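>>> Got a predicted model here, sequence first, then my questions.
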Amino acid sequence: MVKGGGVMLVMLNTDICPIVIPDTYGTEFCHYVREDMWEDFKQLMINKAKSAIKYALDDLGIPYKELVMGGFHSPRQYNFGTDWINFGIDIEDDYITTIKRNVMNDETNFFRFAKEKFGSYDGFISFYPTEKNEFYGSDKTEYILSMWIMYRMNEENDIENYQREYLDDVEEYASGNGYFIDEEDECL
C-alpha cells in the first residue's frame, strides 16, 4: 500500500512472516491464562511482538520507518492454521528493488531457502514467488519482504532464537503480573 512521500506500508502477519510465533493452542498459555485476563493477554502478546519484531528488524539491518501492529487472531479450527498477529512495516518505495538486487548476489542460497520454506509441496500450493523468474517479476511486496526477512534470520541462525525469546518474554511478564491461574484454580 503506497502511503506517498516515497514510503509504502507493507502489511504482513506472523503467519506469512513468522519473526515471532504467538501460538496459544496446545501451549501452557492455552491452559493457564486466567479467563478474565484472556483479552489483556492477547494485547500483551501484541505488545511483546512489536518489541521483538522491532528488535529483529534493527538487528538484521532491515530499514523501516514505522512498525504498525494490528490485532491478534485465532483460526476457527486449529487443524487449518494457528494464531497470528497482523503488522505493517513502512519501508521506502525502492526497498523491494534493493532486496531483489541483494538476492542476485546470493541466488543459489536464497532460492534454495525460498523453495524449502515457502514452496509448494504435496497437499499445499504456495503463492510465494520461489522461482527466479517469478521472484524478479513479482510485485507481491508482502511476500518478497517476508521471504527476505526470514532468509536474513536464517542466515544469522536466529529464527528459533527470536521466536523462543519472544515466548519466554511473554511468559515471564505474564507469570509475574497475574495473568496465570493459581495452581488451586481450575484450568480453562
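Everything's here; your move. Numbering: from 1, shown residues only.
>>> and residue 90, what does it touch?
3, 7-10, 64-68 (CB atoms under 8 Å, 6 or more residues apart in numbering). In this view, the C-beta of every residue, glycine as well, is placed from N, C-alpha and C.
>>> redo that, cut-off 10 Å
Neighbouring residues of residue 90 by CB atoms under 10 Å, 6 or more residues apart in numbering: 1, 3, 7-10, 63-68.
>>> What of residue 20?
Residue 20 neighbours (CB under 10 Å, 6+ apart): 14, 45, 48-53, 55-56, 85, 87, 162-167, 169-170.
>>> try 8 Å this time
Applying CB under 8 Å, 6+ apart, we find residue 20 in contact with 14, 48-49, 52-53, 85, 162-163, 166-167.
>>> next one: residue 165
Counting by CB under 8 Å, 6+ apart, residue 165 touches residue 52.
>>> follow-up on the earlier one: which of the contacts of residue 20 fall in helices?
Residues of these located in helices (DSSP state H): 48-49, 52-53, 162-163, 166-167.
>>> Sort the residues you listed by pLDDT and name the bottom one.
Scanning these for pLDDT, the smallest score is found at residue 162, 81.
>>> Please, which helix or strand holds the residue nearest to that one when sequence neighbours are not counted?
Leaving aside its sequence neighbours, residue 162 sits nearest to residue 56 (CB to CB, 6 or more residues apart in numbering; 5.3 Å). Element membership of residue 56, judged by DSSP states H and E, is helix 38-60.
>>> Distance from that helix to the middle of the chain?
Relative to its chain's centre, helix 38-60 lies at 10 Å (CA atoms, centre = their mean, to the nearest Å).
>>> what element comes up after that helix heading to the C-terminus?
Counting by DSSP H and E, the element after helix 38-60 in chain order, helix or strand, is strand 66-73.
>>> If you count neighbours, what's buried in stretch 167-182?
167, 169-171, 174, 179-181 (16 or more other CB atoms under 10 Å).
>>> CA atoms only for it - export them in CSV, please.
Taking C-alpha atoms only, stretch 167-182 is exported to CSV below (Å, rounded to 0.1, in the frame of the first residue of the first chain):
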residue,chain,number,x,y,z
LEU,A,167,7.6,-16.6,24.1
ASP,A,168,10.0,-16.5,27.1
ASP,A,169,9.4,-12.7,27.4
VAL,A,170,5.6,-13.2,27.2
GLU,A,171,5.7,-16.0,29.8
GLU,A,172,7.9,-14.1,32.2
TYR,A,173,5.8,-11.0,32.1
ALA,A,174,2.5,-12.9,32.3
SER,A,175,3.6,-15.0,35.2
GLY,A,176,4.8,-12.0,37.3
ASN,A,177,1.7,-9.9,36.6
GLY,A,178,-1.3,-12.1,37.5
TYR,A,179,-2.2,-13.4,34.0
PHE,A,180,-1.9,-17.1,35.0
ILE,A,181,-4.3,-19.0,37.2
ASP,A,182,-3.1,-20.2,40.6
